[in-house]
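Undergrad: Sequence first, then the predicted structure, then my questions.
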Amino acid sequence: MSEELDFNDKEELKKIFARCYVDDKFFAKTVFPERFTLPFSKIHEEVFQALNSGKQRIAIAAPRGFGKTTISNLLNPLKKILFQDKKFIVPISNTNTQAVLQSENMKRELLSNSMINKLFGPVKSDWFSKEMWVTKSGIAIFPRGAGQQVRGVNHNGHRPDLIILDDAENPDDVRNEDIRKKMKEWFFADVMNSVDRSKDWQVIVVGTVLHEDSLLENLLNDPTWHTIRLEICDDDYKSNWPDLMSDEAVKALADGYKAQGMLDVFYREYRNMPISSEDAIFMPDTFKYYSETSEEFMKVRHKLENIIILDPAKTVKMHSAESAIVGVGLDIDTGRVYVREVDAAMYYPDEVYDHVLDMADRLNARAIGIEVTSLHEFITFPFKNEMIRRGKTRPIVELKARAKKEERIAMMVPFYRNGFVYHNEANCQSLEAQLLTFPRCKRFDIIDALAYFVEMLDAGSRYFTPEDMGEDEFAELEEDAMPKLNNWRIIGGPNAIQ
């Protein structure tokens, strides 16, 4: 970019200035080309939009390796300094040493960046110490560590009007309840009360979520804050920044954490999904895996009773919400539950029928279970009609919610903790994302569908209660909640639709 600029052409420079002011990406590529070498992604777009939203309270959770510090603690404040948009900037890090280091990086750019010098001229004043420094235009920068005094600071009649907390929480300290409480008190009592509310001000908190009760996590759930929660990938490990990490690289990264029994760490560090190691319902060390092509699975494959379970979108306009389809193989002799296929997306009704019946054909399913609510007439009849059209019918079991969704899902806990549920290692990532963040997951569709395998067992009079399960772990199923569907794998029963 710099080679193309004619610094003697004042009209061109005016255009450059104007575009730098309104376009953060252009500003970054023009002034810091050596720092921003990769194309920006859609998740960077969200950050730039938030920083320029004009909101006074902004909380951003970004994954590791995203460049959040470079954007929030270098690019953003330097732009405010160069365009003189703020008077008193306070960058805050976990320690004063880290804050000073980030402050010195800003100072170094202002002094040595050739593009800054050519476009904006010299900025150094006589006050340029590490503890606090002031630009030639009178803008003060005062680096602070978490917990240090911020309230009451003043420079030439100006109180802080831009405060940036970047990775202000410590991974070890955040595990301590007392330290978390102290951090929140300092933030709300000191930091938030250090600004002059009669003037323009902004407090930006950026980091990676380290704990479900961290300051950042609390701010992300506060409706008075403008928040964004960014992830390196989606539930299926599709990269949100393919120029940095391909889909294959993301999956390899996740598989590495999974192999160490630390999948919860991957979700926290790269997807900003806090998972409590103390209170989590489903933990990664309870996930067992199998391969469809393994010798061990091939020995039991022929005796599995395969079922398909559908949790349809809860709206007549099914394409506007997620539908979840889960293929399960049941080994009644050993009590094992094989999660063989998972399919969840926004489908039109005809697409749902096709995906369910195609999966049923692939797995040679004995029955299809469908959660029915007020959508009864929109679901069961079309399925029956489509099966007749295909010339291959199967019993359809109408699954009716017996309890709250969370309670149904929790019924799977003893099966997982006793090691009876096996995930197909090829396609259960989205299932695990919901299990690990239960009961605070964004979506419940897949785990809600899977949880119905318990009711399907009951409906087909298939019972296995692993010896290790105690009465406290496995709730008794209500005898009169649904009529028994005897031998559904062959002819169906009173609530099966042939």
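TA: Sure, I can see it. Numbering: from 1, shown residues only.

Undergrad: So Cys290 sits against Lys299, correct?
TA: Small correction: residue 290 is Tyr, not Cys. No - taking contacts as Cβ atoms under 8 Å, Tyr290 lies outside contact range of Lys299: 11.4 Å. Glycine gets a C-beta too; all of them are placed from N, C-alpha and C.

Undergrad: Neighbour count for these two, which is higher?
TA: More crowded of Tyr290 and Lys299, by other Cβ atoms under 10 Å: Tyr290, with 19 against 9.

Undergrad: what about Glu407, neighbour count?
TA: 12.

Undergrad: what bits of the stretch 251-400 of the chain have low per-residue confidence?
TA: By pLDDT under 70, the low-scoring segments of the stretch 251-400 of the chain are 276-279, 314-321, 374-378.

Undergrad: Show me the strands in it, by range?
TA: Assigned by DSSP state E, counting those that start in this stretch, the stretch 251-400 of the chain shows strands spanning 288-290, 305-311, 323-331, 336-345, 367-371, 396-399.

Undergrad: Can I get those strands in JSON lines including distance to Leu215?
TA: JSON lines is the format used below for those (distance: least, Cβ to Cβ, whole Å):
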{"stretch": "strand 288-290", "distance to Leu215": "36"}
{"stretch": "strand 305-311", "distance to Leu215": "35"}
{"stretch": "strand 323-331", "distance to Leu215": "34"}
{"stretch": "strand 336-345", "distance to Leu215": "33"}
{"stretch": "strand 367-371", "distance to Leu215": "39"}
{"stretch": "strand 396-399", "distance to Leu215": "42"}
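
Undergrad: Compare these and report which one is nearest to Glu34.
TA: Among the strands of the stretch 251-400 of the chain, strand 336-345 comes nearest to Glu34, with 41.1 Å by Cβ to Cβ.

Undergrad: buried stuff in that closest one?
TA: Using 16 or more other Cβ atoms under 10 Å as the test for burial, strand 336-345 gives 336-344.

Undergrad: next one: that strand to chain centre, how far?
TA: Distance of strand 336-345 from the chain centroid (Cα atoms, centre = their mean, to the nearest Å) equals 21 Å.

Undergrad: okay, Gly492: pLDDT?
TA: In the prediction, the pLDDT value recorded for Gly492 is 39.

Undergrad: same question, Ile16
TA: pLDDT, Ile16: 86.

Undergrad: Next: Lys87.
TA: 95.

Undergrad: and what of the one 5 residues further on?
TA: Model confidence at Ile92, given as pLDDT, is 97.

Undergrad: what secondary structure does it sit in?
TA: Assigned with DSSP: H, G, I helix; E, B strand; the rest coil, Ile92 falls in the strand class.

Undergrad: Surely it touches Pro160?
TA: No - judged on Cβ under 8 Å, Ile92 makes no contact with Pro160 at a distance of 10.0 Å.

Undergrad: of these two, who's got more company?
TA: Ile92 (28 against 25).

Undergrad: so who does that one touch?
TA: Applying Cβ atoms under 8 Å, 6 or more residues apart in numbering to Ile92 gives the contacts 99, 143-146, 150, 163-166, 168, 191.

Undergrad: let's see 10 Å
TA: 73, 98-99, 102, 142-148, 150, 163-168, 187, 191, 203-205 (Cβ atoms under 10 Å, 6 or more residues apart in numbering).

Undergrad: Next, work out how far apart it and Ile204 are.
TA: Distance, Ile92 to Ile204, using Cβ to Cβ, to the nearest Å: 10 Å.

Undergrad: Tell me, how many residues neighbour the residue lying closest to Leu38 once chain neighbours are set aside?
TA: Distances taken as Cβ to Cβ, 6 or more residues apart in numbering put Asp243 closest to Leu38, at 4.8 Å, once the chain neighbours are dropped. When neighbours are defined as other Cβ under 10 Å, Asp243 has 11 of them.

Undergrad: OK, contacts around Asp243?
TA: The contact partners of Asp243, by Cβ under 10 Å, 6+ apart, come to 37-41.

Undergrad: Now list the buried members of those.
TA: 40-41.

Undergrad: Which one of the contacts of Asp243 is nearest to Trp133?
TA: Once Cβ to Cβ is applied, the member of the contacts of Asp243 that ends up nearest Trp133 is Thr37, at 28.5 Å.

Undergrad: Would you mind checking which of the contacts of Asp243 is nearest to Lys86?
TA: Nearest to Lys86 among those: Phe40, at 23.7 Å, using Cβ to Cβ.

Undergrad: Does that closest one belong to a helix, a strand or coil?
TA: When classified by three-state DSSP, Phe40 comes out as coil.

Undergrad: Distance check, the nearest residue to it once chain neighbours are set aside against Gln202.
TA: With sequence-adjacent residues excluded and distances taken as Cβ to Cβ, 6+ apart, Phe40 is closest to Lys25, at 5.4 Å. Noted for Lys25: a distance of 20 Å to Gln202, by Cβ to Cβ.

Undergrad: give me phi/psi at Gln202?
TA: Per-residue torsions, Gln202: phi -150, psi 130 (degrees, to the nearest 10).

Undergrad: Can you tell me how far it is from Phe120?
TA: Plainly put, Gln202 is 22 Å away from Phe120 if you go by Cβ to Cβ.

Undergrad: more neighbours, these two?
TA: Neighbour totals were compared for Gln202 and Phe120, and Gln202 leads with 22 against 19 (other Cβ under 10 Å).

Undergrad: Compute the distance between the more buried one and Asn418, please.
TA: Going from Gln202 to Asn418 by Cβ to Cβ gives 52 Å.

Undergrad: Would you map the strands across the stretch 101-250 of the chain?
TA: Going by DSSP E, counting those that start in this stretch, the stretch 101-250 of the chain shows strands at 124-128, 133-135, 140-141, 144-145, 162-166, 202-207, 226-229.

Undergrad: Compute the number of surrounding residues for Ser53.
TA: Ser53 has 12 nearby residues by other Cβ under 10 Å.

Undergrad: Can you get me a residue count around the residue nearest to it when sequence neighbours are not counted?
TA: Using Cβ to Cβ, 6+ apart and skipping the chain neighbours, the partner closest in space to Ser53 is His226 (5.9 Å). His226 has 19 neighbouring residues, counting by other Cβ under 10 Å.
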